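A.B. asks: My questions are about this predicted structure, shown below with the sequence.
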Amino acid sequence: MKQLLLTAAMIGALAAPAMADDGYLTKPRHHKNVTSSVPDNGDQNPYAIFVAPASAGKIKKDDVLVDNFNNAKNLQGTGSTIMIYHPDTEETTLFADIPHDLKGCPGGVGLSTAMAVLKSGHVIVGSTPSTDGTTATKGAGCLIVLDSNGQVVSTIAGKNINDPWGNMAVIDHGDSATLFVSNTGFGVGAPAAPDPVVNKATILRIELSTAGKTPVVKSQTMIASGLSEQAAKDVFIIGPTGLALSADHKTLYASDAINNRVVAIDNPTTLTGPGNLREVTKEGFLHRPLAMVMAPNGNLLVTNGKNGQVVEINPASGKQIAAQWLNADKAQVPPGSGNLFGIAMKPTGDGFYYVEDDTNNLSVSE
């Protein structure tokens, strides 16, 4: 696929240690499809990607788990499957097929970008469910906890959880873990024309004990509120999707899709309530920023929702260093629009996985 490299002037400066701008995306890269994400039941629209940190049950270290948001009829919020790709054998198998009427998950099951695989072997995945593919019938959803063999062991629901949506940021100690997940369902109803923007999305910190067979929630703390969200007929919900932690865990970065920017929350592990949102960068190469991950050089990689590019950002300076085409499907305008979503670094650091919704594939850039 043809590659496009762009260089931007600094958009903003923040008081933080300088980072090298030897862009992760400025080296020539090869993009290729790795595997289909479609299981036997026909689920489609791959959303979440997570690389396994350890081996347990069906999961081998460095396996790649991918979930599906749509069912075989392409109805959003109805996908129920998680696929697992084994890089060592290049095989792809079904990890889990979760019942749509799962008890303890309000509204049912529609697997979102909120997914994590823990060192304990547990898999935690968000449900942002619908019965007809629109937010008119959406439920509050939940976080679904599975064991390492893909069996549901519990759900996490309640007043703090309403459509867990964005890819999780995780601090994993093995016998305990801290999860950060965005919620985009508060105050969102049936899509209208034009769809109203509601400033009620949140980011929740969840502390878990993972030493037993069933993880135990020790605490839940809302560390951000008032983020923008919007019901949308074409993409279900637009809201904060990407979450990424700095290496020292002192800053949590979030993609604010509606406002076309990336924001930061300081001291996310110790906040006792909603913190201030600090703008890192806005507009430029960003076109509805979605999933986000931190590259080995300390820069952020963010996928675009309105074209098929990934954008590299220096979070210390706010400088947008480069944008690179991952998907240039001309069937969409702009090319690749709506095709990118999840992103995850390869364990070796020399590339990253991403999903392409137009072809229902897990792909890699290396």
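C.D. replies: Good, I have the coordinates.
A.B. asks: Just the strands from the stretch 1-150 of the chain, written as ranges.
C.D. replies: 31-36, 44-51, 64-70, 81-86, 91-97, 111-117, 123-127, 142-146 (DSSP state E, counting those that start in this stretch).
A.B. asks: separation between the closest residue to residue 347 other than its chain neighbours and residue 55?
C.D. replies: Counting by CB to CB, 6 or more residues apart in numbering, residue 62 is the residue found nearest to residue 347 once chain neighbours are left out, at 5.1 Å. (Each C-beta comes from the backbone N, C-alpha and C, glycine too.) Relative to residue 55, residue 62 is positioned 9 Å away (CB to CB, to the nearest Å).
A.B. asks: Which residues are in contact with residue 83?
C.D. replies: Residue 83 sits next to 35, 37, 39, 46, 65-68, 92-95, 362 when contact means CB atoms under 8 Å, 6 or more residues apart in numbering.
A.B. asks: ugh, wrong one, I meant residue 174
C.D. replies: Residue 174 makes contacts with 119-120, 210, as judged by CB under 8 Å, 6+ apart.
A.B. asks: quick one: which of the residues you listed is most hemmed in?
C.D. replies: Within the contacts of residue 174, most neighbours by other CB atoms under 10 Å means residue 120, with 24 neighbours.
A.B. asks: Neighbours of residue 53, how many?
C.D. replies: Residue neighbour count, defined by other CB under 10 Å, stands at 18 for residue 53.
A.B. asks: what sits against it?
C.D. replies: Contacts for residue 53 were tallied using CB under 8 Å, 6+ apart; they are 61, 117-119, 172.
A.B. asks: Make sure the residue nearest to residue 347 is actually in contact with residue 54.
C.D. replies: No. No contact is recorded between residue 62 and residue 54 when judged using CB atoms under 8 Å, the distance being 9.5 Å.
A.B. asks: Pull out the buried residues from the contacts of residue 83.
C.D. replies: A residue is treated as buried here by neighbour count (16 or more other CB atoms under 10 Å); on that basis the buried members of the contacts of residue 83 are 35, 37, 39, 46, 65-68, 92, 95, 362.
A.B. asks: Columns distance to residue 101 and pLDDT on top of those residues, output as a markdown table?
C.D. replies: As requested, the buried ones among the contacts of residue 83 are arranged in a markdown table below (distance: CB to CB, whole Å; pLDDT from 0 to 100):
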| residue | distance to residue 101 | pLDDT |
| --- | --- | --- |
| 35 | 29 | 98 |
| 37 | 23 | 97 |
| 39 | 19 | 98 |
| 46 | 23 | 98 |
| 65 | 23 | 98 |
| 66 | 23 | 98 |
| 67 | 18 | 98 |
| 68 | 17 | 98 |
| 92 | 27 | 98 |
| 95 | 20 | 98 |
| 362 | 28 | 98 |
